[in-house]
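**Q** Can you look at this prediction? I've put the sequence above it.
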Amino acid sequence: MAKLFLGLDSSTQSLSAVVIDLDSQKVVYEKSVNFDKELPQFKTQNGVLPNRDPLVKHGNPLLWAAALDLLFAQMKKDKVALGKILAISGSGQQHGSVYLNDRAEAVLAGLNPKKPLVENLDGIFSRKTSPIWMDSSTAKECEEIRKKLGGVKYTASRTGSDTFERFTGPQVRKFFKTEKSAYERTAHVALVSSFMASLLAGKIMPIDFGDGAGTNLMDIRKKNWNHEAVKATAPGLMPKLPPLTDAGKVVGKVSSYFVEKFGLNPEALATVWTGDNPASVVGLGLVKAGQFAISLGTSDTFFGTMQNCQTDEMGEGHVFGSPAGGYMTLICFKNGSLARENIRGHYRIADWKKFGELVRQTPPGNNGAVLLPWFDAEIVPRVNQPGIHRVDLDEKDVAANCRAIFEAQAMSMRLHSQWMGVTPEKILATGGAASDPQLLQIIADVMECSVERIEVSKSAALGAALIAAHGFLAAAGKNPKWEKIIAGYCRPVAKSEIKPDRKNSRIYASLLDKYAGCEADVLDAD
Ligand code: XUL
C-alpha cells in the first residue's frame, strides 16, 4: 500500500500542496491556489492587502483559510487519495502573525463541515489582518526592543537575529502600542504556520523552533521563549504565546471537518508546521550539518545547516532551528537578480548568453576592479541609501562591469557568511540565475567549493511532506533517518557540478580584502 504524506505551503501569493509516496519515493501530486486569481473577493495584490502606507504590508488570515478549503476541494476533484494520507505537515511565510481571541479554541474544536472555514472562523480574530514578512513599518519598535536587550550583538546572540522590521516581536510591539485594547483581547498570537496547522488539527498549535526563531522572541540556544525578549516586546505577552516544539511533531488526528467534508483519512496525523525557509532546507535535502544552497532569485539567499549555534555579531544574518535538527542560517541579499538585470539593462545587452560572453572577455579578478551594486537599499550589508560605487572600474567598460557584478555578488556572499564559521563542501544552486554557468563558476571560485544545480519544484511544500513522513515514523517509534527519507526527492541536476579553479580562487582571496575595504569605506562614509 502506498505511504502517502501531504505537505502544504502557505506562502505570500499562494497555497501549495505536494503529496509524496514514501514507498516509491515519488511526488505523486502537486497543486497551487493563487490568492489574487482564485480568491479575488479578498482584493489582494500579490497576496497583500492594499494600504496607503507603503511600509505596511498585511495579509488576511481568512483568505488563507478560504484557500485551504479551495485546495482540499481541488484535491478531492483531482481524485487525490485523501483517504490514504497518513500525516500532514506544512510551512508558512515566515514572521507573519495571526491574532486570535478567547473564542478561537472552542471554535477550532467544533469546526462545522456544513459551513465553509471562513464562516466557521467568524469572530475569532482580535485583529482582522496579519502583518507579513514584507512589512517594514516597525523600525521604531526594532530600536526599542534592541535597546532594551542591550544592542545588536546581544539581541542576535540571544534570539538568533538582530531585531528586524518584519520579525514578529517588533510587529507585536507595534500592535500593542497602536491598538492596546485589541492587543489585550488577544488570547493567542499565532504565526502563519501555526495558524494554518491549527485549522487542520482543530486546536491551537505549537510553534516550531524554525519559525519560532523568526520572532525575536525565542532563545536560539535554549529553544524556549526568552523572558527578557518577551518582556521587552509587550506586557502580558508570555501567556499569549503557544508552546515551542519540533516541526513534524504529531499532536493528534486531523480535525473531523476535513474528514467529513473532503474524505480525508480520519486516522491522518496532524503535525506541527514550520517556516517556508526551514521547510525548503529539508525540501532541498540539506539535512546534514554543513550543507548549503543559494537561491538566485529576485533577491539572492544563501542558506544552510550547522550543528552548533553561531550567531552574527554584525546582526545581518539569521539563525533559525532546522527541522532536521541543529540549526539553519540564512542571509538575504536584496540586490540579486535585481542588480544583475540592472547592469544588463544599463548596457543594453540583448540576453544572458551575450552577457556571459562579455564576462569571459575579462580575466578573473577583473584586474582589480570592484563594484558595489546597491541598486536598492541592501539587507546584507545593511545599506539604507541605494548607490552604485565603482573602484578602479570604468563605467564605460561594458565587459568589466558585467564581470564586476557577478564577482561582487560572490565576494559579498563569501565576506558576509564568514560569521557562520563553516566551510561548505558543496553549494546547491537553485532559482532562475542558477542556469548561468558563468555566475556559478565565479561563485565556485570565490567560495572555494563545488557548485551544483538543483531544480526542485515547490521545495517548501515538498519539505513539509517529508517532515510529515518523518514525524509519522518518529511517532510510531521507528527512529527515522533523514537521509533515508529525503533519498530520491532532492537530486542535483546530472553533470551540473562546477568545480572551483584553484588559480582563480587565489586571485579572489586577495581581491576579497580590497572588496571588504571598499565596502567598509562606503559604509563608514554613509
Ligand atoms: C525570511 C523571509 C522570507 C519569507 C518568505 O526571513 O522573510 O523568506 O519567509 O515567505
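**A** Done, it's in.

**Q** Centre of the protein to the edge, which residue is at the far end?
**A** The C-alpha centroid of the chain is most remote from Lys396, which lies 38.1 Å away (Cα atoms, centre = their mean).

**Q** That one in helix, strand or coil?
**A** With DSSP: H, G, I helix; E, B strand; the rest coil as the basis, Lys396 sits in coil.

**Q** Let me know how buried the residue nearest to Gly387 when sequence neighbours are not counted is, in neighbour terms.
**A** Excluding the flanking residues, the one nearest Gly387 by Cβ to Cβ, 6 or more residues apart in numbering is Trp374, at 5.4 Å. All C-beta spots, glycine's among them, are computed from the backbone N, C-alpha and C. Trp374 has 22 neighbours, counted by other Cβ atoms under 10 Å.

**Q** Surely Trp374 touches Pro386?
**A** Yes - with contact defined as Cβ atoms under 8 Å, Trp374 reaches Pro386; the gap is 5.3 Å.

**Q** which residues touch the residue nearest to Gly387?
**A** Contact analysis of Trp374 by Cβ atoms under 8 Å, 6 or more residues apart in numbering lists Asn335, Ala339, Val383, Pro386, Gly387, Ile388, His389.

**Q** show me the contacts for Lys84.
**A** Met1, Ala2, Leu4, Asn265.

**Q** ok, 7 Å please
**A** Ala2, Leu4, Asn265 (Cβ atoms under 7 Å, 6 or more residues apart in numbering).

**Q** Check the gap between Leu393 and the ligand for me.
**A** Applying Cβ to the nearest ligand atom, to the nearest Å, the value for Leu393 to the ligand is 31 Å.

**Q** number of nearby residues for that residue?
**A** Neighbourhood size, Leu393 [other Cβ under 10 Å]: 19.

**Q** In CSV, could you pull the C-alpha coordinates for stretch 150-162?
**A** Provided in CSV are the C-alpha atoms of stretch 150-162 (Å, rounded to 0.1, in the frame of the first residue of the first chain):
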residue,chain,number,x,y,z
GLY,A,150,21.4,45.6,25.1
GLY,A,151,22.3,46.1,21.5
VAL,A,152,22.7,44.3,18.2
LYS,A,153,25.2,41.7,19.3
TYR,A,154,23.3,40.7,22.4
THR,A,155,20.0,40.6,20.6
ALA,A,156,21.4,38.4,17.8
SER,A,157,23.2,36.1,20.2
ARG,A,158,20.0,35.6,22.3
THR,A,159,17.3,35.4,19.6
GLY,A,160,19.4,34.3,16.6
SER,A,161,18.9,37.6,14.8
ASP,A,162,19.1,41.3,15.4
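
**Q** if we can go back for a sec, next up, the contacts around the residue farthest from the centre of the chain.
**A** By Cβ under 7 Å, 6+ apart, Lys396 has no neighbours at all.

**Q** which other residues reach the host helix or strand of Thr329?
**A** Following DSSP states H and E, one finds Thr329 within strand 327-333. Contact partners of strand 327-333, identified using Cβ under 7 Å, 6+ apart, comprise 277-278, 281, 299-306, 309, 316-322, 378-380, 409, 412, 416-417, 420.

**Q** Find me the pLDDT at His470, would you?
**A** Listed pLDDT for His470 reads 98.

**Q** Test my guess that it contacts Gly248.
**A** Yes - using Cβ atoms under 7 Å, His470 is in contact with Gly248, at 5.2 Å.

**Q** before we move on, back to that, could you identify the helix or strand that succeeds the strand holding Thr329?
**A** Beyond strand 327-333 toward the C-terminal end (DSSP H and E), the next one is helix 337-346.

**Q** Output the contacting helices and strands for that next one.
**A** For helix 337-346, the packing partners by 3 or more Cβ pairs under 7 Å, 6 or more residues apart in numbering; DSSP states H and E come out as helix 398-416.

**Q** The same query, at a cut-off of 8 Å, please.
**A** For helix 337-346, the packing partners by 3 or more Cβ pairs under 8 Å, 6 or more residues apart in numbering; DSSP states H and E come out as strand 370-374, helix 398-416.

**Q** a markdown table for these, including distance to the ligand and mean pLDDT?
**A** Formatted as a markdown table, those follow (distance: least, Cβ to the nearest ligand atom, whole Å; pLDDT from 0 to 100):
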| stretch | distance to the ligand | mean pLDDT |
| --- | --- | --- |
| strand 370-374 | 19 | 97 |
| helix 398-416 | 15 | 98 |
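
**Q** If anything else comes up later, I'll come back, but that's it for now.
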